[in-house]
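*Asks:* got a sequence here, can you build the structure:
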Amino acid sequence: MKFVNNKKLNSKTTYAILQDTYDAVPLLMRLLAPDGWQKSSFHQELMNYRKILYDEYLNTDENRLSGSEPIFHCTYDDISKEEEMSLEQYLYICFPPLGNDYLELFYIVSSVLVEITYVSNLYRDHAIGMYYFDEIAIEDIVIQLAHENNQIDKDWAEVMVFAFPVPYLDEMEVHYCLEVLFSILMKHGFKLDYWHNDLLNIVDLQKMYQEILYSNLAYQDKERQREIIEEDIRLVLRAYDRSAIDPLDLAAIIAMFNRREVCPIVLAYLHVYDEFPKGYPYLLTDYQGYL
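*Replies:* Residues are numbered from 1 along each chain as shown. Now for the predicted structure:
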């Protein structure tokens with residue numbers, strides 16, 4: 001049972017990993033934004049989304065006419081509800097804060113850290129237990145570290161929330177981030193129990209396909225739903241191989257993934273640990289028995 005007994009990584013260890021991540025920001029800044037952060041696509045994407053939120057506020061008649069409070073705002077006593085908020089005031093509690101290049105990148109790379117255990121687990125040799133990063137705990141500790149490293153003051157840290165989608169990173173940019181993060185995880189004694197999200201999704205769909213047989217639906221409804229599931233699986237498979245593969249043949253699907261799919265997580269892990277993570281190459285027995 002893959003996910004039944006995995007646990008959230010404790011706060012103390014998560015804090016230590018995130019402090020190392022914070023310290024690695026200058027290295028990643030040089031790799032991801034050699035021409036300067038302000039010129040990078042990541043900063044521009046974050047600014048564009050900030051402006052979208054702000055423009056929505058400006059264009060909402062309710063906010064203009066009634067002075068109702070937006071989701072993200074500054075609560076200055078000297079600003080009346082009738083006054084229009086500036087961009088800085090509207091985004092007051094949004095993390096990362098406006099005009100802080102260091103925290104923008106820390107925010108991005110901490111989000112990549114969460115992705116590592118989105119469906120996979122961390123473990124230590126000769127120790128019992130599988131672990132994952134809790135997204136809410138990560139957000140809280142990231143903001144705490146921003147305060148402790150003198151990037152934001154205490155009062156600000158107590159009210160700030162993660163507010164923006166993570167900017168797009170291409171394959172090489174993701175690889176840089178993952179290599180740095182795996183170096184940190186290796187320092188803390190962790191290895192990866194790797195699972196592929198699309199394969200897990202296919203197994204879930206195949207299980208649904210079989211369960212329809214025992215449902216109380218009419219025969220035609222059963223056939224229709226099973227056809228939909230088969231097409232859903234084919235849609236996933238087409239992203240990796242355009243040839244016809246039986247959507248119910250898990251062995252053939254596993255073989256195809258081993259031929260066609262090397263996830264960026266696997267590649268970065270190999271570069272750092274000089275070995276594949278547990279779970280790669282993909283094994284039929286793992287995915288048959290994970291539920």
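
*Asks:* show me where the protein has strands.
*Replies:* Here the chain has its strands, by DSSP state E, at 7-8, 94-95, 121-123, 131-132, 161-162, 191-193.

*Asks:* got the contact list for Arg242?
*Replies:* Not one residue lies near Arg242 by Cβ atoms under 8 Å, 6 or more residues apart in numbering. The C-beta positions use only the backbone N, C-alpha and C, and glycine is treated the same way.

*Asks:* just the C-alphas of the longest helix seen in the chain, formatted as CSV.
*Replies:* Of all segments of type helix in the chain, defined using DSSP state H, the longest is helix 219-238. The C-alpha trace of helix 219-238 is given here as CSV (Å, rounded to 0.1, in the frame of the first residue of the first chain):
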residue,chain,number,x,y,z
TYR,A,219,-25.2,-2.6,-19.9
GLN,A,220,-25.1,0.3,-22.4
ASP,A,221,-24.2,2.8,-19.6
LYS,A,222,-21.4,0.4,-18.5
GLU,A,223,-20.0,0.2,-22.0
ARG,A,224,-20.2,3.9,-22.5
GLN,A,225,-18.3,4.6,-19.3
ARG,A,226,-15.7,2.0,-20.1
GLU,A,227,-15.1,3.5,-23.5
ILE,A,228,-14.6,6.9,-21.9
ILE,A,229,-12.1,5.5,-19.5
GLU,A,230,-10.2,3.7,-22.3
GLU,A,231,-10.0,7.0,-24.2
ASP,A,232,-8.8,8.9,-21.1
ILE,A,233,-5.9,6.4,-20.8
ARG,A,234,-5.1,6.7,-24.5
LEU,A,235,-5.0,10.5,-24.1
VAL,A,236,-2.3,10.1,-21.5
LEU,A,237,-0.3,7.6,-23.6
ARG,A,238,-0.3,9.7,-26.7
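
*Asks:* so what does that helix touch, helix or strand wise?
*Replies:* helix 197-212 (3 or more Cβ pairs under 8 Å, 6 or more residues apart in numbering; DSSP states H and E).

*Asks:* off-centre distance for stretch 163-182?
*Replies:* From the chain centre to the centre of stretch 163-182 is a distance of 10 Å (Cα atoms, centre = their mean, to the nearest Å).

*Asks:* and for it, what are the contacting residues?
*Replies:* Contacts of stretch 163-182 with the rest of the structure, by Cβ under 8 Å, 6+ apart, involve 21, 24, 27-28, 31-32, 41-42, 45-46, 49-50, 53, 72, 91, 93-96, 107-109, 111-113, 116, 192, 264-265, 267-269, 271-273.

*Asks:* so, low pLDDT: which residues of the stretch 1-150 of the chain?
*Replies:* Residues of the stretch 1-150 of the chain meeting the criterion pLDDT under 70: 1-4, 61-83.

*Asks:* show me the helices in it, by range?
*Replies:* In the stretch 1-150 of the chain, the helices defined using DSSP state H, counting those that start in this stretch lie at 11-23, 25-32, 41-58, 61, 87-90, 101-116, 135-148.

*Asks:* so which of the ones you listed is the most surrounded?
*Replies:* Greatest average neighbour count among the helices of the stretch 1-150 of the chain goes to helix 101-116 (a mean of 22), per mean count of other Cβ atoms under 10 Å.

*Asks:* for stretch 277-286, give me every contacting residue.
*Replies:* Stretch 277-286 has contacts (Cβ under 8 Å, 6+ apart) with 120, 123, 191-196, 199, 250-251, 254, 257-258, 263, 265-266, 269.

*Asks:* these, buried ones only, as a ChimeraX selection?
*Replies:* Buried members of the contacts of stretch 277-286 can be picked out in ChimeraX with the line below, counting by 16 or more other Cβ atoms under 10 Å:
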select :120,123,191,192,193,194,195,196,199,250,254,257,263,265,266,269
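
*Asks:* next, the residue nearest to Glu261 when sequence neighbours are not counted: phi, psi?
*Replies:* Residue nearest to Glu261 in three dimensions, not counting chain neighbours: Tyr240, with 5.7 Å by Cβ to Cβ, 6 or more residues apart in numbering. Backbone torsions for Tyr240, taken as degrees, to the nearest 10, come to phi -110, psi -30.

*Asks:* could you list every residue that touches Tyr240?
*Replies:* Neighbour list for Tyr240: 198, 256-257, 260-261 [criterion: Cβ under 8 Å, 6+ apart].

*Asks:* same check on Ala268?
*Replies:* 174-175, 178-179, 182.

*Asks:* most neighbours of all those residues, which one?
*Replies:* Among the contacts of Ala268, the one with the most neighbours (other Cβ atoms under 10 Å) is Leu178, at 25 neighbours.
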